[in-house]
Structure formats: C-alpha cells, structure tokens
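> could you look at this predicted model? Sequence included:
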Amino acid sequence: MQQHSLIEELENAVRSGSTESRVNTLRRITDLFLHDANRLNEEQIAVFDDVLCHLAAKIETTALVELGTRLAPVDVAPVGVIKRLALDDDIAVAAPVLTGSKRLTASDLVEVVQTKGQAHLLAISQRTTLDSQVTDVLVTRGDGKVVTP
C-alpha cells in the first residue's frame, strides 16, 4: 500500500507543478532509496535514477543541494542523477558530488574540468584520490587555488 501511495504521490507531484510537493516527493524517494541502497541491484538503482532525475529537473536549488549532499557518500548512488548534479552550473549543487561521490568516473570529472569554472575545479581538486588524467587537466585549466594544495 505504501508503494502504491508513493507512486501516486510522484505522479501528482510531477503533474501539479507545486514545488513543495515535488521536493517532498523527492525527499521520500531519496529516503526509500537510502534505506535499501545496499540491497538493490543495478536495475533497481536505475529505476530510482530515472525517478530522481525526472524530479531533479523540476526542483529548486536548495533541494538539489540537499539531494547531492545525501547521495554523495553513497557508493551505489544512482549514476545519472550524480552526473546531473556534478554538471550543474551552481557550485552549491555540484560540490557535494564533485568532492565525494565515488560514482563519478575519471571521464566524468574530466568533462566537468573541461566545461565548468574554477569553483568546480577546486571542488574536484579536494577529492581524496584523483586519476592522473584528471590531475593533468586540472593543472592545465586550474588557477592557483586549484593547483596549489
């Protein structure tokens, strides 16, 4: 019954246009994902990814920041939404996943370094580990704050 009501809530939130209902639905779906994340297979994670990406496209910045902060430390976080957050122009949205998500590949990080500003590069430079291909591009594009620890 709870699953059915959540699906109805999602459909209503997307249709209604209400920011508050979309944010509340996003939180509930994120909670549901986080509760079962370590037990989900990639196909199930992909379903959450589709739903979260759909909602993320229609919510305000503060909710995106919250979403990124909650998903960044999760080793099995949905890849699509993590990439979407990482590529967001607003560094407040992108920073949590750029600094901490293990779901971003070296190619993803290189794309961010090549297409975003210094704040994004600085966030990437603060990761605990970086591939040499990422550091090479960081050194080329980064300013003094990015290059100097």
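In hand now; what should we look at?
> show me what the helix or strand where T30 lies is packed against.
In the assignment (DSSP states H and E), T30 maps to helix 19-36. Contact analysis of helix 19-36 by 3 or more C-beta pairs under 8 Å, 6 or more residues apart in numbering; DSSP states H and E lists helix 2-16, helix 42-56, helix 61-71 as its packing neighbours. Quick note: C-beta positions are derived from backbone N, CA and C, even for glycine.
> please identify the buried residues of stretch 57-68?
Residues of stretch 57-68 classed as buried: 59, 63-68 (neighbour count, 16 or more other C-beta atoms under 10 Å).
> state the distance from the most centrally placed residue in the chain to V137.
A centroid search over the chain (C-alpha atoms, centre = their mean) returns I82, at 2.9 Å, as the residue closest to the centre. I82 sits 19 Å away from V137, going by C-beta to C-beta, to the nearest Å.
> what's in contact with stretch 66-85?
Stretch 66-85 is contacted from outside by 26-27, 30, 33-34, 37-38, 40, 45-46, 48-50, 52-53, 56-57, 64, 93-97, 99-104, 108, using C-beta atoms under 8 Å, 6 or more residues apart in numbering.
> quickly note the distance from D36 to K102.
19 Å.
> tell me which of those two has more neighbours.
K102 (16 against 12; other C-beta atoms under 10 Å).
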